[in-house]
Each structure stands twice: as structure tokens, then as C-alpha cells.
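Undergrad: using only what follows, build the 3D model:
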Amino acid sequence: KLYEVELAPEQDDYLLWDKPLSEQSDKVKAALGKLPSNKVNPDGLDMGGGSVIRDNRNGKIKPASAAPWVLVSGDSKFDLTQKDVDRMTKDLGTDSTGENIYSRLTSTKGSQKSASEYLHSLGIRGIKYLDGSSRTKGEGAYNYVIFDDNDVSITAKFSRAIPYTAKEPIASNVSLEDLKAHPKYQEAKHGNLDSAISLVNDLISKEDVIKASSAFGKDVIYVPVTQFEKDGINRIPYAIAQKYASETGASINDSLYVKDKAFHTGMKMMERLIARTRFEGDIPKGKYVLVDDVTSSGATLADLSSYIQEQGGDVIGSVLLTNAMRGDKLIADKSLTKLLETKYGNEIRELFGIEPSSLTREEAKYLQGFRTTDELRASANKASSSRAERIRIKALPKSEDAKFSKVATENTLIAQHNLTVKNLL
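TA: Take a look at the predicted model:
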């Protein structure tokens, strides 16, 4: 699983792994100035953890060895060359990097854990280092090691996957063109519940309901994707959920809504990948069937599935009006995700915030087409710029008060149809 976290340390609290002492922050320099000088005295040098470097040049510590120095640890004695001792006892110079400093402390303190705890006691709260793809360039993205768990706060979790046990989507035999051509489509898309119910009754067949009933039974909860569009709330997913639930004896959880405006409509695949959909709402324990009007990549369904599972629910399948994916499968083949892990695992985690194994089939097939990591990064950067411009153009002009008023109005409309609805916010 991936997590979004908030780190408490300030930037000058970190030991920079790749930088020399001369380029460390003033706070780190001051802390490292407290390190003791490492010189082997006649009684030996205590290295921590019960280990001591002893002088064996007279052969008294380990007569059978010609090594000039010996590391004594309990009943064991290990040969050390002069080079070993020089490295382990070297005082810090301005050219010593964060890696050199940490390695020396690991040697003198006996373990990485002890070295980390000692640095933390000096006021150094972690390590900052360039990630694998940036290190050769000397600049770019950073990874962090935090010495104290209390300095890390989890703000979001990204397991983000449709379970392999979930059934493939049940979609009505409706093309995207036919859906958009329906006379009630625009009104339903922009918040008119009457139009949404009329559209759904026209497009969902009795055979579709029988398929869902056979696949999921009645002991399930249909959960629609509730999303704020530019001109209102798309009511089609709710009407779909109501149709299946009422005709199969199941129930609906309509408390979930899209937390952030993803603006996925009209986006290309890369733009969808960099713009994860986040949800909020209550998830009582139970078996859930995901509901949306259209899917072209499965991304929104995967993000909704992730949220439900993180809250303790089980996802067993999904229903749609239109499956616009190139294939019927929503879940990527394991062999393909393993290939992507090998080729672009770090880039997928960094750029998209998900594990390769969490990609949908359409996403995985798309990423398979990239030839190099540089090509993948360039495409993601371009998509990020395009998305920023799209949001600038499509951004809703309404105030927060207006948004809350709109939601209240929509809930009133639903209540008039005698449907059980919780407040969306």
C-alpha cells in the first residue's frame, strides 16, 4: 500500500545523504560538531554494542593473526586492516558526505538503528536523498528516511485496486454515442433526477437486472459515483443504483461523493492517471457493487474500490450503462503488471501514487506502450500542464456556500421521489 503523509521535520532537520558536510544545513553542521573524535587509545576504542577495536601490532590480542588491529566482540575477534581502522575512526572533514557520516556512526554505534537514534538525539530528524532516477543527474525528486514514527502523520492511503475476486462489470448494451443521443441525457448529466430515472428505465433491460441479481444477489449495497460537474450533479449513477437495488431487493449507499473535482470528462489517459479521484462518505461493513454511467479506463471505479476497502467494505463487482473500454476486462493481467513493475515500477509510484499491481487493464496496456522512463516522465509532465489549463477553464465559479445550497436542493428533489437519501456532505 502507498500512503500520503505529512512530515513534521523542517528541511534543515535532515542529513543530506548525497551532500558533503560543507553543504549541510547550519543546524546539521552544529549537531555533527558534537560528535566525539575517534582515536584508538591504548585501552582500545569502544565501538558500541559491546565491540572494541584493540591494537594487535604486538600480537598480544590475537597472537595467531598478523592483522595490526582486531575488533573484539564478546568471545569473537575479527581481523582489521589499517585501512579498516582509518575508515572507522576518521574524523569528519568538509568532504565527508551524509552517507560517509552515517556509515561511520553505524560502525561506531553497532547498528543502523543505534546510529539513527544517536543522530535524532542531536536534533537531526531524518535523512534526505535523491531517488534512483535522479541520483545520476544530481538533482530531482527526493526520498526521506524519518528516525521517529511520531514525525510522520498519514493523511491518505492508496491501496487503489479492484480485487481479483471481483466480477467483471455488468454493462448494458448501450454505446457511448447512443447514451449521449438520448433526449434526457444532458438534463440527467446536469442534475435533473426525473430525467436520469427516465433515461435509466429506457436503457437498462430486464436481462441486465437478471444478470446483476444472479451475480450479486440481494445482500449487497449498490454505491453510485456522485460527482459535482460544472453545471450540477450527475444523477445518472444514482438512478442506475436505484434501479438495480429496487428490482433486486438490495440496498443503496448514497453517502459517498467525489471529494475533489477530477474533471475526467474529455481527458486523455495520461491526464486521468495523474489525477486520482478521491472520495468521502460513510462505509458500513458489507458487500458493495460499484455504479457508474460510463467507464473508459476503469480509473474512477478503481479509486472508489480503494476507498471502500480502506474503510472496511468488500467490493464484489460493478454495473455500468456503457463500457467504453477496449476490452471487457477491468482488472489487468498479473503478467502485465509484473512487467511494468520491472520497467517502470518506481516511476509509476512516483508519478501516479499507485502500485503497478493496482493499475486497471486499460491503464496497464497504455503504459506498456512507453519505450523509456524519460518518455514516460515527459508525457506525465505534459499531461500535468494540460490538466492545469483544463481546470483553469472549467473551474466552477460558484462559492462554497452556493455549492452547499445546490446539494441541499438536489437532496430535496430526490426526497420527492420517496428515495432514501443521506445528505451528500
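
Undergrad: list the contacts for the residue in the chain sticking out farthest from the centre?
TA: Here the chain reaches farthest from its C-alpha mean at N58, the gap being 58.9 Å by Cα atoms, centre = their mean. Going by Cβ atoms under 8 Å, 6 or more residues apart in numbering, N58 touches no other residue. Quick note: C-beta positions are derived from backbone N, CA and C, even for glycine.

Undergrad: mind telling me what element it is part of?
TA: Assigned by DSSP states H and E, N58 belongs to no helix or strand.

Undergrad: packing partners for the helix or strand containing E207?
TA: Counting by DSSP H and E, the element that carries E207 is helix 206-216. Secondary-structure packing of helix 206-216 (3 or more Cβ pairs under 8 Å, 6 or more residues apart in numbering; DSSP states H and E): strand 170-171, helix 236-248, strand 287-295, strand 314-323.

Undergrad: by contact count, what packs against whichever helix or strand comes after it?
TA: Per DSSP H and E, the first helix or strand lying C-terminal to helix 206-216 is strand 221-224. Helices and strands touching strand 221-224, by 3+ Cβ pairs under 8 Å, 6+ apart, are helix 236-248, strand 251-252, strand 287-295.

Undergrad: tell me which of those lies nearest to V152.
TA: Ranking the helices and strands packed on strand 221-224 by distance to V152, with Cβ to Cβ as the measure, places strand 287-295 first at 30.2 Å.

Undergrad: identify the residues contacting the helix or strand that that closest one is followed by?
TA: Per DSSP H and E, strand 287-295 leads on to helix 299-310 as the next helix or strand towards the C-terminus. Residues outside helix 299-310 that contact it (Cβ under 8 Å, 6+ apart): 157-163, 166, 169, 223, 225, 256, 262, 264, 272-273, 276-279, 283, 288, 290, 292, 295, 314-315, 318, 330, 358, 360, 363.

Undergrad: go again using 6 Å as the cut-off
TA: Contacting residues not belonging to helix 299-310 are listed as 157, 159-160, 162, 225, 272, 276-277, 279, 283, 288, 290, 295, 315, 318, 360 [Cβ atoms under 6 Å, 6 or more residues apart in numbering].

Undergrad: got any ranges where the stretch 201-350 of the chain has weak pLDDT?
TA: Applying pLDDT under 70 to the stretch 201-350 of the chain picks out residues 229-230, 260-267.

Undergrad: how about I210, what does it touch?
TA: Counted by Cβ under 6 Å, 6+ apart, I210 has zero contacts.

Undergrad: quick one: it from Y244, how far?
TA: For I210, the distance to Y244 (Cβ to Cβ, to the nearest Å) stands at 11 Å.

Undergrad: what's the answer for I197, then?
TA: Here I197 is placed at a distance of 13 Å from Y244 (Cβ to Cβ).

Undergrad: likewise G312?
TA: Counting by Cβ to Cβ - G312 and Y244 are separated by 23 Å.

Undergrad: ok, A215 next?
TA: Counting by Cβ to Cβ, the gap from A215 to Y244 is 11 Å.

Undergrad: equivalent analysis for K77, please.
TA: Using Cβ to Cβ, one gets 75 Å for the distance from K77 to Y244.

Undergrad: of those two, who's got more company?
TA: Y244 (25 against 17; other Cβ atoms under 10 Å).

Undergrad: show the contacting residues for the more buried one.
TA: 212, 222, 319.

Undergrad: which one of those is nearest V152?
TA: V152 lies nearest to Y222 out of those, by Cβ to Cβ, at 36.8 Å.

Undergrad: quick check: nearest residue in space to that closest one, chain neighbours excluded?
TA: Excluding the flanking residues, the one nearest Y222 by Cβ to Cβ, 6 or more residues apart in numbering is A241, at 4.0 Å.

Undergrad: residue contacts, the one you found?
TA: The neighbours of A241, taking Cβ under 6 Å, 6+ apart as the test, are 222, 224, 252, 291.

Undergrad: how about these in JSON lines, adding distance to T373 and neighbour count?
TA: As requested, the contacts of A241 are exported to JSON lines (distance: Cβ to Cβ, whole Å; neighbours: other Cβ atoms under 10 Å):
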{"residue": "Y222", "distance to T373": "41", "neighbour count": "27"}
{"residue": "P224", "distance to T373": "38", "neighbour count": "28"}
{"residue": "I252", "distance to T373": "44", "neighbour count": "21"}
{"residue": "V291", "distance to T373": "37", "neighbour count": "28"}
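
Undergrad: which parts of the helix or strand N346 falls within are buried?
TA: In the assignment (DSSP H and E), N346 maps to helix 334-352. Within helix 334-352, the residues that qualify as buried are 336-337, 340-341, 343-344, 347-352, counting by 16 or more other Cβ atoms under 10 Å.
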